[in-house]
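**Student:** Here's a sequence, model it:
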Amino acid sequence: MYLWIKAFHIIAMVTWFAALFYLPRLFVYHAQSDDSISRERFKIMERKLYRGIMTPSMVITLALGFGMLWLQPAWLSQGWMHAKLMLVAALVAYHFVCGALLKRFANDANTRSHVFYRWFNEAPVFVLLGAVILVVVKPF
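**Tutor:** The predicted structure follows:
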């Protein structure tokens, strides 16, 4: 059973990260758009991505991750798992920041440039690198 949970955890995590990479990229293009048709199209795309893919993927990823911890509680005593859980917490916070930014765009209240969103888009890369290294290498 554990391997099935792990497989679906990885699938959900990949889906979540795909959305985490794509939504801020949509923000880049949305911030650059200067016509109402484009802005309205981006609002729809962003909302559907966040609500239909990103949030369900996060919930499934977290649920399956906690399921694996329930089956392997000894991992909670290992340092690499503590570090990974900190990265997961940061990623969940990033997810909700994306949701807040989405609301700003939806209300035509964005005040940030496309350059900000280009940099903002890079944050999940570092979380992904750290999490994969921690899980595979288990350095401590």
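**Student:** hey, let's count contacts and neighbours off CA atoms from now on
**Tutor:** OK.
**Student:** buried stuff in the lengthiest helix in the chain?
**Tutor:** Ordering each helix of the chain by length in residues (DSSP state H) puts helix 2-32 first. Buried residues in helix 2-32, defined by neighbour count with 16 or more other CA atoms under 10 Å: 5-6, 9, 12-17, 19-31.
**Student:** Then stretch 67-82?
**Tutor:** Residues 67-68, 80-81 are the ones in stretch 67-82 that count as buried (16+ other CA under 10 Å).
**Student:** Looking at those residues, which are in strands?
**Tutor:** Applying DSSP state E to the buried residues of stretch 67-82, no entry is found in strands.
**Student:** Show me what the longest helix of the chain packs onto, helices and strands only.
**Tutor:** helix 36-49, helix 55-71, helix 79-106, helix 114-120, helix 123-137 (3 or more CA pairs under 8 Å, 6 or more residues apart in numbering; DSSP states H and E).
**Student:** mind checking how far the residue nearest the centre of the chain is from residue 95?
**Tutor:** Nearest to the geometric centre of the chain sits residue 20, at 4.0 Å (CA atoms, centre = their mean). Distance of residue 20 to residue 95, given as CA to CA, to the nearest Å: 7 Å.
**Student:** shared neighbours of the two, which are they?
**Tutor:** Contact criterion CA atoms under 8 Å, 6 or more residues apart in numbering; no residue bridges residue 20 and residue 95 by contacting each.
**Student:** Output stretch 22-30 as CSV, restricted to C-alpha atoms.
**Tutor:** Extracted in CSV, the C-alpha atoms of stretch 22-30 (Å, rounded to 0.1, in the frame of the first residue of the first chain):
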residue,chain,number,x,y,z
TYR,A,22,2.6,28.3,-14.6
LEU,A,23,0.4,30.6,-12.5
PRO,A,24,3.1,33.2,-11.8
ARG,A,25,4.0,33.0,-15.5
LEU,A,26,0.4,33.9,-16.3
PHE,A,27,0.9,36.8,-13.8
VAL,A,28,3.9,38.0,-15.9
TYR,A,29,1.8,38.1,-19.1
HIS,A,30,-1.2,39.5,-17.2
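**Student:** from here on, count from 795
**Tutor:** In the new count, where the first residue is 795, that last one comes out as stretch 816-824.
**Student:** Fine, thanks again, bye for now.
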